[in-house]
Each structure stands twice: as structure tokens, then as C-alpha cells.
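Engineer: Below is the sequence, then the predicted model.
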Amino acid sequence: MKVLIIGGVAGGATAAARLRRLDEHAEIIMFERGEHISFANCGLPYYIGGAISERTKLLLQTPESFLRRFNVDVRVLSEVLSIDRSEKTIEVKNLKTGEVYSENYDKLILAPGAAPIKPPVEGFDFQNVFTLRNVADVDRIKEYIAKNRPGRAAVIGGGFIGIEMAENLREAGLKVSIIELSDQVIAPLDIDVVTEVHHYLKKNDIELYLNNGVQKIVEVDTGLSIVLQKGSVEADMVILAIGVKPESALARDSGLELNERGGIVTDKNMRSSDPDIFAVGDAVEVTDFVTGQKAMVPLAGPANRQARIAADNICGVKSEYGGTQGSAIIKVFDMTVASTGINEKTAKRLGLSYDKVFLYLGSHAGYYPGSRQMSIKVIFELGSGKILGAQILGSDGVDKRCDVLATAIRAGMTASNLTGLELCYAPPYSSAKDPVNMAGYAIENVLKGMVKQFHWHDVDALPRDGSLNLIDVRNPGEAASGSITGFVNIPLENLRARMDELDKSKSVYVHCHSGVRSYIAARILMQNGFEVFNLSGGYRLYKIMHTV
């Protein structure tokens with residue numbers, strides 16, 4: 001059997017290695033248009049910022065090492081020009097010599113990846129305007145910084161790459177601005193999670209220009225001027241991180257089925273519309289695991305799993321791809337931000353029956369030194385309590401909790417299942433009731449009617465005409481430092497003694513700092529005949545959402 005692989009980074013290299021492990025006698029040839037294979041493209045921003053100090057650390061394999069270990073013929077600087085499906089051949093151009101030749105195949109794997117989006121905007125072709133996809137790109141950026149010593153950088157696009165580049169350019173000593181067309185960075189996050197990220201970026205001297213698109217870039221005496229829809233930003237260099245598009249031209253030209261966004265359509269075995277051609281990675285359409293809808297999700301983990309599945313099926317090992325749930329994590333200076341499953345925007349757009357809980361909990365036992373708070377948002381299905389998505393930010397322990405919740409989503413678990421998880425506990429690592437357990441308890445309380453919720457976006461619409469009991473159960477010192485208009489301070493410890501101040505004919509809306517004490521207050525009042533609503537996420541979240 002002869003298998004050709006087009007693309008030599010995550011998907012292509014993984015497929016080649018898996019093929020060899022399954023079939024020692026197959027002829028495997030991998031073609032890569034660039035100079036390097038199997039490089040750590042997720043690590044490129046950290047090489048710019050200096051966290052990764054040696055360029056060689058980015059090069060996980062070389063053509064020579066891949067040949068020695070896997071007996072795979074790796075041809076770099078080799079561009080595949082076309083696919084002839086009827087003859088089962090490809091046409092290849094050797095970019096070093098200019099030679100064009102053909103290779104036949106029994107099976108073909110497409111792993112071309114995705115390319116940075118570069119719209120036809122004036123100035124995007126300047127020499128000090130960069131994209132970041134491969135080692136050659138990072139070399140150009142590093143060389144420019146070393147040679148020209150720029151003081152200011154503008155990052156256009158606030159996705160994962162944009163945020164990572166902004167952080168690492170800041171670490172490299174530059175003053176950095178992020179320009180984003182939408183009203184937020186990191187699109188998978190909901191606004192009530194990402195707003196805290198916005199505040200944190202500003203705290204770390206990153207200027208944010210949200211709801212603002214780039215019209216053009218012009219050269220001025222002081223460097224570059226990025227002309228926006230509203231105002232302008234000056235910089236010495238620009239990073240384009242607008243997003244990526246699938247590199248599917250070969251598939252399109254050969255007549256393979258694509259979706260409306262250019263993604264290659266495959267079945268669960270990663271087989272394209274041609275039974276002898278498989279496709280994996282960022283260029284492939286996937287099924288959203290939670291919603292069942294088609295999507296494009298360019299992530300390294302799914303690309304590697306798809307590559308393994310394609311290799312399995314080529315070698316007769318039955319294997320299926322179960323969909324992508326979009327689990328992702330990003331470092332933002334000393335903050336960690338992670339998400340998995342769907343966000344509230346998606347749940348609302350699809351008309352799902354859902355609710356959400358917000359929690360603010362320590363990464364480990366509070367009495368053990370070093371505990372750091374985590375903000376947790378979990379989206380769940382009403383009725384069943386099935387976990388649909390989660391977003392967490394903090395520092396230590398964020399990855400662990402998001403991974404557990406990602407596993408819960410993959411397993412179709414409910415809030416009750418979360419409460420029953422027996423997770424590792426010792427004071428330096430967690431609490432006896434882990435934050436994941438606590439999320440399950442909070443959701444169970446809602447589903448079982450132990451508490452009714454209202455949310456930060458409901459607060460301002462509450463009438464202040466005396467028709468409701470509006471109660472703040474924080475201590476007086478907390479209330480003095482900031483409060484919600486119209487809410488009367490009755491500390492939790494005094495609530496039982498002062499209950500006669502409340503009108504039982506009127507609903508009670510109660511809040512504390514994070515939602516814990518107000519939940520206790522709600523239980524007290526509910527058992528004394530009041531209808532009570534607890535502010536999920538508490539005053540802390542409300543304040544974040546009302547701080548400019």
C-alpha cells in the first residue's frame with residue numbers, strides 16, 4: 001500500500017507516525033510546502049516573548065529524524081499542485097529545484113491546515129505587518145524586533161493567537177494595542193466572563209480597541225498609523241491575527257465536497273467524498289459534540305485525533321471521530337482562561353432550554369497558603385441538568401477543573417453526576433468539596449427548587465418603587481465600599497432577628513459578594529414563607545459588568 005500525505009505539521013505528522021505503527025510495510029510519503037515539519041506552532045508566540053528561549057525547541061521532528069524513527073519519506077519545500085482523482089496521482093513541485101513530477105497513491109491524506117486571514121486592506125502588505133503561522137513567520141518577527149527595536153505593536157484580532165501575541169510582545173518590552181472588530185476578545189467566552197479578561201489586559205498595560213475595525217494602514221513619520229472606524233492607533237509593527245481560513249484549494253480543485261466556508265466534508269472515519277482520500281485538521285468540517293451542528297474548529301487536539309482515526313481506517317482498524325467540543329485554554333500573563341462545550345451565546349441562538357450558575361471558589365483549601373480564586377460559569381440544560389458548557393478563569397487549578405468538566409460533557413453527565421465525582425483532595429490541591437462538586441450542587445439546588453436565581457443582567461430592571469424586598473446580606477464594611485442602588489443592607493448574621501422588616505407579600509431579591517451567603521439567606525427566608533431570588537455570581541460579578 002502506498003499512502004501520500006499532504007501537510008507535515010500536526011495532522012500530517014501524526015497520521016504518518018500512526019500509519020507506520022500499524023503497517024510496517026506501507027510506502028508512506030509526506031509532502032510539506034514549508035521548510036519544517038512537526039513544529040510546535042502553538043509555541044511560536046512564546047518564542048517571541050522569550051518564555052521559549054531556544055528556537056530548536058520548536059522543532060519537534062526533522063525530516064531526517066522522522067525517516068530514522070518511522071521510515072517515512074518526508075519531502076519538505078515540496079508543493080502539491082494538483083490531485084488527479086481518476087488516475088490517483090498528485091503533481092508536486094520541488095520548490096528548491098523547480099522540478100515538477102507526479103506520484104501515484106493508493107490512499108491520500110489531506111492535512112493542509114489553515115492560513116491566516118489577510119483581507120485586501122490597504123497597508124496589510126507592508127514589510128512590518130506580519131502574520132504568524134509557521135517557523136519562517138516567527139523568524140521574520142524575531143529578526144524585525146532584534147534589528148529595528150520597535151517600541152509599539154498593534155495586534156489586529158483578539159482571538160487566541162492575538163491574545164498570546166499581545167502578551168508575548170508585551171513581555172518582549174513593547175507597548176501593545178489590541179484591535180478587535182467585535183465587542184470582546186476570545187470569542188468562545190461569554191461577555192460576563194471575558195469582561196474580567198478585558199480588565200486584566202488593561203491592568204497589564206494592553207490597550208483595547210473593541211467594536212472597531214481597521215480601514216487601512218498608512219506610513220507616517222513616526223511609523224505606522226492604523227486607521228480605524230473610530231480613531232486611529234500608531235505602531236511600529238503590526239500582527240494580523242484576524243482568524244484563519246481552511247487551506248482547501250487542492251480539495252476544491254479536485255472536486256471534493258466542501259462546505260460553505262471552504263471546509264472539507266468528511267464522514268466519521270475522516271473519509272472525504274472520495275473513498276480513497278481522507279482529510280484531517282484545521283481544513284476539515286467537524287460536528288459540534290454538544291449541539292450536533294456542523295462547525296469549523298481549528299484546534300491541535302482534534303487535528304491529532306482525526307489524524308489517528310484516518311490512519312486507523314486506512315489500515316483496516318475501525319475508528320470514528322466523535323465530534324469536537326472546543327475545549328481550549330489560554331495563558332494571559334498570570335491569568336489562566338479555559339472553556340469547553342458551548343457558551344451561552346450559542347445556547348441562546350439555538351433556543352435551548354438552559355440556565356447558568358456562577359461560582360467564585362478557591363483553587364485549594366483556603367487555610368493552606370497560596371489558594372487563588374477562580375471564576376466559574378457552567379451552562380446546563382433545564383430539566384435534565386446535563387452539562388452543556390463551562391468557562392473558568394483564575395490561575396492555579398483552572399485547567400484541572402475545566403478538564404474534568406470537559407470529560408463530564410463528553411460522557412453526557414448531569415449536575416447530579418458532578419456531585420458524585422470522587423476527586424483527589426489534599427489541602428495543597430483542592431477542597432474536600434471540589435469546585436466541580438460545588439458546581440454540581442449549585443445546579444442541583446436550582447433544578448430542585450432549593451433556590452431561584454436572578455442574574456447580573458436582570459438587576460437594573462428591578463423596580464425600586466417598594467414593590468420588592470431588595471436585600472444586601474454582606475457585612476456593613478463591604479456594603480460601604482460599594483453597593484447596588486436600592487438594596488438595603490441586612491447582614492446575614494442579623495437576618496433572622498430583622499426578618500420582620502420585610503414584607504412577606506413581596507418577593508425578595510437578595511445578594512452578597514459571590515452568591516454563597518445570599519443562598520443561605522434565601523434558604524432562611526424561603527422556609528419562613530418568602531418568595532426569594534438569589535443573585536448568581538453576587539455583587540462581585542455585577543460590579544465587574546458595570547465597571548468601565
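Structural biologist: Noted; the coordinates are in hand.

Engineer: Quick check: closest non-adjacent residue to residue 14.
Structural biologist: Nearest residue to residue 14 in three dimensions, chain neighbours excluded: residue 307, at 3.8 Å (CB to CB, 6 or more residues apart in numbering). In short, each C-beta sits where N, CA and C put it, glycine included.

Engineer: do residue 196 as well
Structural biologist: With CB to CB, 6+ apart as the criterion, residue 196 has its nearest non-adjacent residue at 5.5 Å, and that residue is residue 544.

Engineer: May I see the buried residues of the helix or strand hosting that neighbour?
Structural biologist: Using DSSP states H and E, residue 544 sits within helix 538-545. Neighbour counts using 16 or more other CB atoms under 10 Å place 538-542, 544-545 of helix 538-545 among the buried residues.

Engineer: what's the most distant pair in those?
Structural biologist: 538 and 545 (11.6 Å; CB to CB).

Engineer: which parts of stretch 465-476 are buried?
Structural biologist: Those buried within stretch 465-476 under the rule 16+ other CB under 10 Å are 468-475.

Engineer: OK, contacts around the residue nearest the centre of the chain?
Structural biologist: Geometric centre of the chain, nearest residue: residue 328, 3.9 Å, by CA atoms, centre = their mean. Shown in contact with residue 328 (CB atoms under 8 Å, 6 or more residues apart in numbering): 160, 188, 299, 338-340.

Engineer: likewise residue 450?
Structural biologist: The contact partners of residue 450, by CB under 8 Å, 6+ apart, come to 444, 523.

Engineer: Let me know the secondary structure of it.
Structural biologist: coil (DSSP: H, G, I helix; E, B strand; the rest coil).

Engineer: tell me the phi and psi of it?
Structural biologist: The phi and psi torsions at residue 450 (degrees, to the nearest 10) take the values phi -70, psi -20.

Engineer: separation between it and residue 184?
Structural biologist: Computed as CB to CB, to the nearest Å, the residue 450 to residue 184 distance reads 33 Å.

Engineer: likewise residue 76?
Structural biologist: Taking CB to CB, one finds residue 76 at 39 Å from residue 184.

Engineer: cool, and residue 213?
Structural biologist: Using CB to CB, we find residue 213 at a distance of 14 Å from residue 184.

Engineer: one step back: double-check the residue nearest to residue 14 against residue 8; I have them as touching.
Structural biologist: No: in this structure residue 307 lies outside contact range of residue 8 using CB atoms under 8 Å: 11.4 Å.

Engineer: need the contact list for the residue lying closest to residue 326 once chain neighbours are set aside.
Structural biologist: Closest residue in space to residue 326, ignoring its immediate chain neighbours: residue 297 at 5.4 Å, by CB to CB, 6+ apart. Residue 297 makes contact with 286, 288, 324, 326 under the criterion CB under 8 Å, 6+ apart.

Engineer: returning to what we had before: now whichever strand or helix holds the residue nearest to residue 14: how far from the chain's centre is it?
Structural biologist: According to DSSP H and E, residue 307 maps onto helix 300-314. Taking the mean of its C-alpha atoms, helix 300-314 sits 21 Å from the chain's own mean (CA atoms, centre = their mean, to the nearest Å).

Engineer: what sits up against that helix?
Structural biologist: Helix 300-314 has contacts (CB under 8 Å, 6+ apart) with 1, 3, 10-16, 18-19, 22, 41-42, 107, 109, 111, 269-271, 278-282, 284, 286, 318-321, 324, 327.
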